[in-house]
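In: structure of the sequence below:
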Amino acid sequence: LEQTTQFTDEQILAAQKVAAQYGFTGSEIQRLTNLSADLAAAQGIEVTGAMEQLVKAANGQMRGLKALGVQTDETKTQTQQFEQAVKQLEDRFSGQAQLATQGYAGQMAQLKKELDNSFESLGKFLGTLGDFGTGMGSVVDIVRKFNEFLGTDLVLAVSEARALFAEFMGFMLETAATAN
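Out: Next up, the predicted model:
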């Protein structure tokens, strides 16, 4: 889910832990995790909060899901009502977590998550190398210069390239218009 949704693996694992604490099986946890991600994306809440709503519903507290339009047959058992609720929510919200990653804001959230994962991996890697002694200062300097490049130099270069491209396109359009 981390690859296809806005949620990190830590957030997903925390939600799964909530479900596991209430005794759900592995396949049930997977199903509820997918649904929790869709619910969370649709409601703009954390995936753990969505899982907590589902766990409460499994324990007979349907009020939170009724606010989402879920209707169950109260003559049925608690387990049957929960299954009805889950089915309705899946029908209504399936795919919302993936849709939330589309568009500019969703893509930027995905990029931030991937960069965070990269820094986490880099930290683990550096931790395995042990003590650099005085050599670590050189690594810090390199990273600082790279940061400056990304934050200033690259932004200026891209802005300049855009301006030149716009100027070139304007010239080409003007030339084409005068040639006709």
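In: where does the chain dip in pLDDT?
Out: For the chain, applying pLDDT under 70 flags the ranges 129-137, 139, 149-150, 153-155.
In: what ranges do the helices span in it?
Out: With helices called from DSSP state H, the chain shows them at 9-21, 26-43, 47-58, 63-66, 78-93, 96-99, 103-129, 136-148, 154-179.
In: and among the ones you listed, the most buried is which?
Out: Counting by mean count of other CB atoms under 10 Å, helix 47-58 has the highest mean neighbour count of those, with a mean of 22. (C-beta placed from N, C-alpha, C; glycine too.)
In: just the CA atoms of that one, as CSV, please.
Out: Below are the C-alpha coordinates for helix 47-58, written out as CSV (Å, rounded to 0.1, in the frame of the first residue of the first chain):
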residue,chain,number,x,y,z
VAL,A,47,-5.4,5.4,8.3
THR,A,48,-5.2,4.4,11.9
GLY,A,49,-8.3,6.5,12.7
ALA,A,50,-10.2,4.8,9.9
MET,A,51,-9.1,1.4,11.2
GLU,A,52,-10.4,2.4,14.7
GLN,A,53,-13.8,3.2,13.1
LEU,A,54,-13.9,-0.2,11.6
VAL,A,55,-12.9,-2.0,14.8
LYS,A,56,-15.5,-0.1,16.7
ALA,A,57,-18.1,-1.2,14.1
ALA,A,58,-17.0,-4.8,14.5
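In: for that helix, name the packing helices and strands.
Out: If contacts are counted by 3 or more CB pairs under 8 Å, 6 or more residues apart in numbering; DSSP states H and E, helix 47-58 sits against helix 9-21, helix 26-43, helix 63-66, helix 78-93.
In: which of the ones you listed sits closest to residue 123?
Out: Between residue 123 and those, the shortest gap by CB to CB is with helix 9-21, which sits at 14.4 Å.
In: how far off helix 47-58 does that closest one point, in degrees?
Out: Helix 9-21 runs at 20 degrees relative to helix 47-58, counting by axes from the mean of the first three to the mean of the last three CA atoms, to 10 degrees.
In: tell me the contacts of the residue lying closest to residue 24 once chain neighbours are set aside?
Out: Using CB to CB, 6 or more residues apart in numbering and skipping residues adjacent in sequence, the residue nearest residue 24 is residue 32, 6.4 Å away. Applying CB atoms under 8 Å, 6 or more residues apart in numbering, we find residue 32 in contact with 19, 24, 51, 54, 86.
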